[in-house]
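Undergrad: take this sequence and fold it.
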Amino acid sequence: MKASMKFDIIVIVGAVMIGLPAVALAATGLDDAKRDYEVACAFCHGLTGKGEGPLNDKLKSRVPDLTVLANNNNGVFPFNRVVQVIDGRQQIKAHGPREMPVWGNSLRLHDTGPTAASRIKRLAEYLKLLQEK
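TA: Reported below is the predicted structural model:
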C-alpha cells in the first residue's frame, strides 16, 4: 500500500474516531440529531448533505447528495432505508464493511440517554428535513 494511501486511511479513520464520542454524547431532539449528523456524517456528506464534506477528496467513491433522496424515490423520503443504512442493516459498498461506519453500533455502545434506535430515527428525520423541495 502506498504511503499516501495509508495516510489518507489514517486521516479518515481518525476523523471518524474523533467524532464517535460526540455522537455518543448528543441527547434528544432534532437539534441533537443535527449535532449527531455534523459529527458522524458531515466529514463525508458535508454540513448541507450535498456530499461536499472535507474528506470527500480522500474517498474513492463520489459521496452522494443526501438532499435528493426523496427526489430519487418518486418524491417519497425512503425513511426505513435511511434508518437501515445508518444502523448497518443495509450495507453501502462505499461505507465498507458493516462495522464502518455503522453508527447504530456506536450509538448502542455509548448511548446513556434515549435508545440508539430512537436517535437513529431522529437522525433520519433530520435527513428528511434536508430534502430539496
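
Undergrad: burial of residue 47, as a residue count?
TA: By the criterion of other Cβ atoms under 10 Å, residue 47 has 14 neighbours. Using the backbone N, CA and C atoms, a C-beta is placed for each residue, glycine as well.

Undergrad: residue 129 now?
TA: With other Cβ under 10 Å as criterion, residue 129 counts 12.

Undergrad: OK, contacts around it?
TA: By Cβ atoms under 8 Å, 6 or more residues apart in numbering, the contact set of residue 129 is residue 30.

Undergrad: roughly how far apart are it and residue 70?
TA: 11 Å (Cβ to Cβ, to the nearest Å).

Undergrad: how about residue 77?
TA: For residue 77, the distance to residue 70 - Cβ to Cβ - is 4 Å.

Undergrad: repeat for residue 116
TA: Distance from residue 116 to residue 70, by Cβ to Cβ: 25 Å.

Undergrad: now swap in residue 48 and tell me
TA: From residue 48 to residue 70 the distance is 15 Å (Cβ to Cβ).
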